[in-house]
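Chemist: Quick one, fold the following:
(one chain, ligands or ions: 1)
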Amino acid sequence: MTKDSIKEFSDTKTAFETLSDAELNRAYALFKMVGHPRLVRLGGHMMTWAFRSKLPIGWAVKWSIFKQFCGGETLETCRPVIDSLRKRNTFAILDYGVEGEKSEEGFQNATDEIIRTSHEAKTNPSVAFVVFKFTAIARFELLEHVTAQFRDHEINRSRLSMADQKEWSLVQSRVDRIAEATLQCQKPLMIDAEETWIQGAIDAEAIRLMRLYNRQSVQVYTTYQMYRKDSLERIKAVYDLAKFEGFHVGVKLVRGAYIEKERARASDLGLPDPMQSTKKDTDTAYNEALKFMLSHTDIFAVCAGTHNEESSRLCLDWHKTATEHQRQRLWCSQLFGMSDHITFNLAKLKLNVVKYVPYGPVAKVLPYLIRRAEENTSVEGIAGRELQLIQDEIRRRKSKVQC
Ligand SMILES: Cc1cc2nc3c(=O)[nH]c(=O)nc-3n(C[C@H](O)[C@H](O)[C@H](O)COP(=O)(O)OP(=O)(O)OC[C@H]3O[C@@H](n4cnc5c(N)ncnc54)[C@H](O)[C@@H]3O)c2cc1C
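Modeler: Residues are numbered from 1 along each chain as shown. Just a heads-up that it's a prediction; the model follows:
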């Protein structure tokens with residue numbers, strides 16, 4: 001058991017039940033490797049360069065980091081992974097993990113593939129949500145321009161250039177196609193959060209969709225990143241708006257994955273740092289937001305996306321005293337390949353649990369994979385936490401054999 005681990009999450013037998021000894025050893029080697037910051041930084045640059053130069057390194061990535069953090073390269077290859085989660089009372093958030101597309105053709109292809117994930121969600125009971133990123137379907141610079149005109153939940157379109165207005169309408173029509181396809185399959189749609197300087201455009205679209213589709217139930221979830229200093233305030237503002245206008249708010253609550261990039265940009269441009277000053281401040285804000293939303297389940301439905309044991313325990317404690325109706329408003333979620341000790345122990349305790357499962361061609365999901373490696377290396381304790389749990393399980397299995 002890890003030094004500070006919480007009793008409910010310390011059952012490593014449940015956590016790693018489906019992993020063979022060889023798979024457990026592979027995971028151990030991977031987390032040991034990503035524990036070295038310099039190696040990860042160098043590896044990230046080298047992988048990006050190698051893929052751009054069309055060097056044949058796909059197989060090495062595929063059998064290491066890709067296998068740990070992604071469900072497969074296609075929807076079809078994801079199915080066995082998703083089915084095996086379902087056998088353990090865990091659903092899937094299906095994510096076509098492409099981001100940072102640059103061409104119209106790329107945006108169209110991504111939109112079509114996201115719609116295909118909606119069709120999969122319709123027929124596959126193991127899929128609970130469909131998710132997408134705006135940078136898969138819209139040009140980054142356009143999102144920046146639109147964000148610059150974002151105030152009080154709306155975009156002031158008249159301040160956009162004619163070309164941007166036209167391009168933004170195209171993006172909105174893609175969003176509508178995705179939303180309609182997902183809603184027809186009666187599974188909710190989630191929208192990921194990205195960098196602060198493009199998030200206004202994403203927030204505006206999320207509010208537009210929630211006004212349209214969240215009148216009776218929660219069909220659309222947006223994401224709030226609690227490493228942002230202003231997020232609790234933004235959540236309270238959307239609560240007031242939703243209460244006034246009569247719609248529900250779906251929220252995927254995360255701490256946030258772009259902290260180093262955010263800080264570097266703010267420093268380069270001489271802007272105030274938008275991030276919480278310390279990890280403890282982010283933790284406090286996350287738990288405050290979680291408590292606020294769970295005490296207003298008349299408006300909010302929450303998906304707590306976290307690998308943090310304290311935050312997950314908050315969910316567990318709330319679940320113990322909530323009514324059946326309130327319980328339907330909370331999902332707990334971890335990324336595929338991370339914190340199985342939280343996922344499967346919560347599922348065993350009958351909470352609604354869902355794994356975020358990205359899929360896509362290895363070269364296309366590279367930014368996601370690099371973020372996962374960086375997150376595990378840069379954030380104090382994550383790789384160590386995973387390593388310790390895997391070690392505990394290896395030790396447990398060995399002692400069982402010896403008995
Ligand atoms: C289901 C799911 C969906 C996700 N969707 C998104 C998404 O849409 N957008 C997105 O950005 N991320 C997303 N993530 C990734 C998520 O942001 C990271 O996995 C998460 O930040 C890791 O934190 P944790 O809650 O697991 O807890 P911990 O591991 O306890 O916290 C780590 C986090 O704390 C914060 N932090 C670390 N050091 C500091 C510091 N010095 N000062 C201030 N804050 C600090 C950072 O956010 C860091 O990632 C998602 C994660 C999950 C599980």
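Chemist: which sections of the stretch 251-400 of the chain are below the confidence cut-off?
Modeler: 378-383 (pLDDT under 70).
Chemist: Residue numbers of it in contact with the ligand?
Modeler: 252, 254-259, 275-276, 278-279, 282, 305-308, 333-335, 356, 375, 379, 382 (CB under 6 Å from any ligand atom). Where you see a C-beta, it was placed from the backbone N, CA and C, and this is true even at glycine.
Chemist: quick one: which of those residues sit in strands?
Modeler: Judged by DSSP state E, strands contain the following of those: 252, 254, 305, 333-335, 356.
Chemist: And the contacts of stretch 74-87?
Modeler: Here stretch 74-87 makes contact (CB atoms under 8 Å, 6 or more residues apart in numbering) with 18, 71-72, 91-92, 94, 116-117, 120, 124-127, 336, 355, 357, 359.
Chemist: Now do the spatially closest residue to residue 213 that is not a sequence neighbour: how many residues are near it, please.
Modeler: Sequence neighbours aside, residue 219 is the residue nearest to residue 213 in space, at 4.3 Å (criterion: CB to CB, 6 or more residues apart in numbering). Neighbour count for residue 219, taken as other CB atoms under 10 Å: 21.
Chemist: ok, back up a step: weed out the non-buried ones from the residues of the stretch 251-400 of the chain next to the ligand.
Modeler: Neighbour counting with 16 or more other CB atoms under 10 Å marks 252, 254-259, 275-276, 282, 305-308, 333-335, 356, 375, 379, 382 as buried within those.
Chemist: Looking at the stretch 1-150 of the chain, which residue is nearest the ligand?
Modeler: Nearest residue of the stretch 1-150 of the chain to the ligand, counting by CB to the nearest ligand atom: residue 93, 6.4 Å away.
Chemist: Buried only: go through the contacts of stretch 74-87 for me.
Modeler: If we count by 16+ other CB under 10 Å, the contacts of stretch 74-87 have these buried: 71-72, 91-92, 94, 116-117, 120, 124, 126-127, 336, 355, 357, 359.
Chemist: What about the residues you listed, which are in strands?
Modeler: Using DSSP E, these in strands are 91-92, 94, 127, 355, 357, 359.
Chemist: shouldn't the residue of the stretch 1-150 of the chain closest to the ligand be in contact with residue 353?
Modeler: No: using CB atoms under 8 Å as the test, residue 93 is too far from residue 353 to be in contact (10.8 Å).
Chemist: who has more neighbours, those two?
Modeler: residue 93 (27 against 24).
Chemist: Okay, and the beta partners of the more buried one?
Modeler: On the basis of DSSP bridges, residue 93 is bridged to residue 129, residue 356.
Chemist: Retrieve the pLDDT associated with residue 62.
Modeler: At residue 62, the pLDDT value in this model is 76.
Chemist: and if you look at the one 3 residues further on?
Modeler: Among the per-residue scores, residue 65 shows a pLDDT of 86.
Chemist: ditto for the one 5 residues further on
Modeler: Confidence per residue is given as pLDDT, and for residue 70 that number is 94.
Chemist: Is it correct that it is in contact with residue 372?
Modeler: No: Residue 70 is beyond contact range of residue 372, at 9.3 Å (criterion: CB under 8 Å).
Chemist: Identify the contacts common to the two.
Modeler: Between them, residue 70 and residue 372 share the contacting residues residue 337, judged by CB under 8 Å, 6+ apart.
Chemist: can you give me the strands for the protein?
Modeler: 90-96, 127-132, 150-151, 154-155, 189-191, 220-225, 249-254, 300-305, 330-335, 353-359.
Chemist: ok and the first one relative to strand 249-254, angle-wise?
Modeler: Orientation of strand 90-96 against strand 249-254 (axes from the mean of the first three to the mean of the last three CA atoms, to 10 degrees) gives an angle of 90 degrees.
Chemist: same deal with the last one?
Modeler: Interaxial angle, strand 353-359 versus strand 249-254 (the same axes, to 10 degrees): 70 degrees.
Chemist: Contacts for strand 353-359 next, please.
Modeler: Here strand 353-359 has contacts from 69-75, 77-78, 81-82, 85, 89-97, 128-129, 131, 303, 305, 331-336, 343-344, 346-347, 365, 368, using CB under 8 Å, 6+ apart.
Chemist: number of nearby residues for the residue lying closest to residue 126 once chain neighbours are set aside?
Modeler: Distance criterion CB to CB, 6+ apart; nearest residue to residue 126, sequence neighbours excluded, is residue 86 at 3.9 Å. The local packing of residue 86 (other CB under 10 Å) involves 16 other residues.
Chemist: now do residue 235
Modeler: Around residue 235 there are 21 residues (other CB under 10 Å).
Chemist: again with the one 10 residues further on
Modeler: The number of residues packed near residue 245 is 11, by other CB under 10 Å.
Chemist: With residue 236 instead?
Modeler: 13.
Chemist: Tell me who's in contact with it.
Modeler: Neighbours of residue 236 in contact, by CB under 8 Å, 6+ apart: residue 292.
Chemist: run the last query once more with 10 Å
Modeler: 289, 292, 296 (CB atoms under 10 Å, 6 or more residues apart in numbering).
Chemist: By residue count, what's the longest helix in the protein?
Modeler: What stands out as the longest helix in the chain, according to DSSP state H, is helix 162-184.
Chemist: That one relative to strand 127-132, how many degrees between them?
Modeler: Using the same axes, to 10 degrees: helix 162-184 against strand 127-132 is 170 degrees.
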